[in-house]
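Novice: Fold the following and give me the result.
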Amino acid sequence: MSEIMDVYWRAPPMARTLATAIFISSLGIYLGPLNYSWFYFTEDTLFRLPPEIWRLATNFFLSTPKFGILMDPYLVYQYLSQVENSPRFPNKENVLWYLICVGGIIITLNRALLGGAFFLQALIIALCYTAVQDQRGMKVQFFFFQVPAQTVPYCIILASMLSLGDPSGVPMQLTGIAAAHLYDFLTRLWPEFGGGRNLLPMPGFMSRLVGNRRAPEPAHVPAARAGGTRLGGAGGGTGSSTGASTGSVLPDSWKTRGSGHRLGSD
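Specialist: Residues are numbered from 1 along each chain as shown. Modelled structure (predicted):
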């Protein structure tokens with residue numbers, strides 16, 4: 001048991017935290033102890049007294065039923081680990097700001113165009129889209145097939161549609177691609193190739209929230225290694241401690257970067 005916990009605490013902290021929250025929330029909702037009405041998001045919940053602002057996060061905590069209770073947290077862990085270990089996101093505050101921006105875009109697009117109240121499937125696709133950007137042109141293993149890395153988000157959408165036998169979730173998943181691409185354009189493509197500035201700069205309070213000194217905004221660093229890999233590699237790295245740290249509202253484990261495998265790694 002101690003070995004399992006050691007592996008758990010060595011995992012990338014934000015990836016393990018979000019994946020754990022999704023698994024526990026989904027299990028509780030589908031088995032009955034938790035009420036889904038505590039988690040969904042609609043605009044009117046922000047105008048209640050007090051405003052139920054936690055729903056801006058908890059609407060991403062419900063997986064699809066049955067096998068999705070395991071698969072969805074796994075996919076979140078898999079791709080958020082890669083994002084968390086990407087040179088584009090050198091600190092925890094950069095990853096947290098990315099999640100806030102992409103999550104906000106997903107909520108806005110869905111509430112304005114599609115409706116709905118739970119948006120985890122769009123976030124999974126967004127994380128996958130961001131994770132594979134530095135592996136464009138490489139081949140990866142998707143189940144039994146070798147596919148170009150940049151096509152993995154679309155493969156997930158297709159596999160999801162076939163497994164559920166229902167294409168109605170595809171539009172929401174596509175908003176994940178739109179959100180991740182918009183974030184990439186505003187923070188990387190436009191500054192690098194359009195001669196502009198980062199239009200979504202990370203505010204200073206994010207560093208204070210996480211308890212770190214603010215680092216410079218990360219520049220895009222192309223992947224230096226080529227070659228294919230199998231999706232779903234396990235990660236290892238340095239351990240981290242738990243508990244609150246002085247001057248920070250988040251636990252120490254969020255400040256310690258764990259290790260994970262990225263697409264294209266050996």
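Novice: Where does pLDDT dip in the stretch 1-150 of the chain?
Specialist: Applying pLDDT under 70 to the stretch 1-150 of the chain flags the ranges 1.
Novice: need the strands for it, in chain order.
Specialist: Per DSSP state E, counting those that start in this stretch, the stretch 1-150 of the chain carries strands over the ranges 139-142, 145-148.
Novice: Pipe the ones you listed into CSV and attach distance to P90 per row.
Specialist: To be clear about C-beta, it is placed using only N, CA and C from the backbone, and glycine gets the same treatment. As requested, those are exported to CSV (distance: least, CB to CB, whole Å):
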stretch, distance to P90
strand 139-142, 24
strand 145-148, 27
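Novice: what's the closest of those strands to F118?
Specialist: For those, proximity to F118 was assessed by CB to CB; strand 139-142 is nearest, at 25.3 Å.
Novice: in its sheet, what does that closest one sit against?
Specialist: strand 145-148 (antiparallel), strand 229-230 (parallel) (DSSP bridges).
Novice: List the contacts of the longest one.
Specialist: Identification of contacts with strand 145-148 by CB atoms under 8 Å, 6 or more residues apart in numbering yields R136, G137, M138, K139, V140, C155, G228.
Novice: Look up how far Q150 lies from the first one.
Specialist: Translated: R136. R136 sits 5 Å away from Q150, going by CB to CB, to the nearest Å.
Novice: just to revisit the earlier point, which of the strands of the stretch 1-150 of the chain sits most buried?
Specialist: strand 139-142 (a mean of 18; mean count of other CB atoms under 10 Å).
Novice: Send over it as PDB, restricted to the C-alpha atoms.
Specialist: Provided in PDB are the C-alpha atoms of strand 139-142 (Å, rounded to 0.1, in the frame of the first residue of the first chain):
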ATOM      1  CA  LYS A 139       3.600   8.900 -34.800                       C
ATOM      2  CA  VAL A 140       1.900   7.700 -31.600                       C
ATOM      3  CA  GLN A 141       0.100   4.500 -30.700                       C
ATOM      4  CA  PHE A 142      -3.700   5.000 -30.300                       C
END
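Novice: which residue lies farthest from the center of the protein?
Specialist: L49 (29.9 Å; CA atoms, centre = their mean).
Novice: and the closest residue in space to T20 that isn't next to it in sequence, what is it in contact with?
Specialist: Nearest residue to T20, sequence neighbours excluded (CB to CB, 6 or more residues apart in numbering): P73, at 7.4 Å. Counting by CB under 8 Å, 6+ apart, P73 makes contact with A19, T20, I22, F23, S26, S63.
Novice: Hmm, the first one is touching M71, no?
Specialist: No. With contacts defined as CB atoms under 8 Å, A19 does not count as touching M71, sitting 11.2 Å away.
Novice: between these two, who's got more neighbours?
Specialist: A19 (21 against 16; other CB atoms under 10 Å).
Novice: From G32, how far off is that one?
Specialist: From A19 over to G32 (counting by CB to CB), the distance is 22 Å.
Novice: just C128 next, same as before
Specialist: Taking CB to CB, one finds C128 at 31 Å from G32.
Novice: now S63
Specialist: As judged by CB to CB, S63 and G32 stand 16 Å apart.
Novice: more neighbours, the two?
Specialist: S63 (27 against 8).
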